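Asks: prediction below, plus the sequence it came from.
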Amino acid sequence: MVSTSAFQIDLPQALIERVRRGDAIAFEQVYRCFERPLYTLALRMLGDAEAARDTLHDAMLKAYQRANQFRGDAPFWAWLRQIALNEALMRLRVGERFMVSMESAGLDADAFADDAPAPWAHADSAALEHALAQLPAITRSVLWLYHVEGYTHPEIAAAMRKTTSFSKSQLARGIARLRAILDPETPEPEAEVESCPLPTT
Amino acid sequence: MSAADNLTLGEALRRLPQAAPPGDEWTLLRERLRPASARPSALRRYALPAALAAALAGAFVILRPAPAPAPATVAHVEASSSTNGTATAQIHNAQNAANHDERLAQLQQHSQALERWLRETGRDASPLQGQDLAAAAEIENLIGLVDVELAAPRQTRAPALWQRRVGLLEDLAALRYSSYRLAAGSQLTASTRID
């Protein structure tokens, strides 16, 4: 799928080289470029401003400390985003925010498609933000990673140490719930909820 | 139907304004920055090198890794004889390409074998605790970063990246092996206990 993630900022090679050498002044430029994309990703996944702020700090700190390991084979933004994703997922695990809907067999993203205009097409930002905030953290994270950051289901599954079908079902569940929240006329599929912590190793 | 009716969920989500942290976070972060070389890495901090080395030896026995390949030779062109030199260079290049492919295949096979072993032993191993858990999480994160670089199309055949991936998987295998061995030992103790 085509991704237009806000992370996709290409930095000059000279700047990256300076960061790799531990130049804090150069790193400030990197920080300024990625502060908002990183904080936004963390906030969408965690749903908590304080946790998002901590994620921003820790991810940036790790990026600075590990910059000399970056080989330049992938774009810097993708490398930094992976650090941010790892940090956010770690917080989700630690904070036991992995209250997730049970997987539903055969449930996929098309299960709730119909010809009517999607309710998010006419929802304003506040309504959409409000609806997002009502999703379980893991469901919202999958939704965001897939639709906004452009991760594939196998990539999401690998990052979360889950199966691809888990990612697909969470996405379908998230879309269905968003529809139901934004358009109360839409019937929402029943979802059993259970505590499903990720394996930690 | 208007254009807005066709707005996909992804488009709608991407239209949301980006969030910004409340204060000047850079000033706070700057205080925490230190030269990378001055900080011990998390691996060095957590990995208990002696235990890792011992456990890694055990893991190698189980995993039966492929024999170490000969280092790739650097192609050199004998410029003194244009005809022979070109032929020699072509032979060397072909050999280098073959060595490169062979080495890459070995690294990828080794990586797959390690992942398979980690998956299989993970079911039987005791849950990691404390520093081992932190070290395992750190190693897994580093593997994720290597995978990001491997995902770049032009680098999928880079032996250096695959070598790094294998090295990290070996570190993880060493940690897991300790846990696996402990779990196996406790099962053995329980099954042979005489009440």
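Replies: Received, thanks. Residues are numbered from 1 along each chain as shown, chains lettered A, B, ... in the order given.
Asks: domains of chain A: list them as residue ranges, please.
Replies: According to automatic domain parsing, chain A comprises the domains A:13-94, A:99-195.
Asks: so what's A:His57 up against?
Replies: Contacts of A:His57 were listed using Cβ atoms under 8 Å, 6 or more residues apart in numbering or on different chains, and they are B:25, B:28-29, B:32. The way it works is simple: take the backbone N, C-alpha and C, and place the C-beta from them, glycine included.
Asks: now with 6 Å?
Replies: Shown here is A:His57, whose contacts under the criterion Cβ atoms under 6 Å, 6 or more residues apart in numbering or on different chains are B:Leu29.
Asks: could the domains of chain A be laid out in JSON lines, adding mean pLDDT?
Replies: Converted to JSON lines, the domains of chain A look like this (pLDDT from 0 to 100):
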{"stretch": "domain A:13-94", "mean pLDDT": "94"}
{"stretch": "domain A:99-195", "mean pLDDT": "79"}
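Asks: deepest of the ones you listed, which one?
Replies: domain A:13-94 (a mean of 20; mean count of other Cβ atoms under 10 Å in any protein chain shown).
Asks: so which of the domains of chain A is nearest B:Glu102?
Replies: Distances from B:Glu102 to each of the domains of chain A were compared by Cβ to Cβ, and the smallest falls on domain A:13-94, at 21.4 Å.
Asks: and that closest one, how far apart are its ends?
Replies: 36 Å (Cα to Cα, to the nearest Å).
Asks: that older thread, so which of the domains of chain A is nearest B:Leu145?
Replies: With Cβ to Cβ as the criterion, B:Leu145 lies closest to domain A:13-94 of the domains of chain A, at 5.5 Å.
Asks: return the distance of that closest one from the chain's centre.
Replies: Mean-position distance between domain A:13-94 and its chain equals 14 Å (Cα atoms, centre = their mean, to the nearest Å).
Asks: in chain A, which spans are helices?
Replies: Secondary structure of chain A (DSSP state H): helices located at A:13-20, A:24-46, A:49-66, A:76-94, A:125-133, A:137-147, A:153-160, A:164-182.
Asks: hmm, the fifth one in reach of chain B?
Replies: Meaning helix A:125-133. Yes - in this structure, helix A:125-133 sits against chain B according to Cβ under 6 Å from any Cβ of the partner chain; the contacting residues are A:Ser125.
Asks: and the angle from that helix to helix A:164-182?
Replies: Using axes from the mean of the first three to the mean of the last three Cα atoms, to 10 degrees, one finds that helix A:125-133 and helix A:164-182 are set 140 degrees apart in direction.
Asks: give me the angle between helix A:125-133 and helix A:24-46.
Replies: Using the same axes, to 10 degrees, helix A:125-133 lies at 70 degrees relative to helix A:24-46.
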